[in-house]
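# Next input, structure requested:
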Amino acid sequence: MTILAIILLILLGLLLLLLEFAVVPGVTIAGIGGLALLIGAVYMAFANYGVLPGIVTLAFVLIAAPALVYRFFRSKSGKVMVLDTLVDGRIDNIDKEKIRAGDTGITLGRLAPSGKVKVNGEVVEAQSTGSYINHNTEIRVIRILSNKIIVEPINK
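You can find the predicted model right below:
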């Protein structure tokens, strides 16, 4: 009966650990419970059967738990749960030869405080110096950052 209890504790512990990694990530009751069941199974093996069966049980648990988690995440259903897409987006950098500080342009939409502007035929992301700038307002480039320009309205 004790061997059956040890086997059940190991199976339940492995199931809870798998549940922890697959369904409810983080440190939750499932992970703590699974770890407690595995420790309990190893303790019962040492207490009831001696050192050699206890070491065998400990070795089995130390090999089976990581192998089960590894095998699960390599399986088809495990791969569905893991984000494996590569983010390959990039930021368009401003060509500093086409747009320079002091150049003028026009807003393509309202800058509140960011939006699109057209300067020297180039449409780029811009940010105002703090105030809102309405659509079709003439602007002047104050500063050029790597991915946007800082502009101010031209007061006539």
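
# Glu20 is in what secondary structure piece?
helix 2-22 (DSSP states H and E).

# Buried ones in the worst-scoring helix or strand of the chain on mean pLDDT, by neighbour count?
Within the chain, judged by mean pLDDT, DSSP states H and E, the helix or strand with the poorest mean is helix 76-81; its value is a mean of 76. The neighbour-count criterion (16 or more other Cβ atoms under 10 Å) identifies Gly78 as the buried residues of helix 76-81. For every residue, glycine as well, the C-beta is placed using N, CA and C.

# sorry, back to before: helices or strands next to the helix holding Glu20 in the packing?
helix 29-49, helix 51-74 (3 or more Cβ pairs under 8 Å, 6 or more residues apart in numbering; DSSP states H and E).

# quick one: contacts of the last one?
By Cβ atoms under 8 Å, 6 or more residues apart in numbering, the surrounding residues in contact with helix 51-74 are 6, 10, 13-14, 17-18, 21-22, 38, 41-42, 45-47, 78-79, 81-82.

# Repeat that for the first one.
Helix 29-49 has contacts (Cβ under 8 Å, 6+ apart) with 2, 5-7, 9-10, 12-21, 23-24, 53-54, 56-58, 61, 65.
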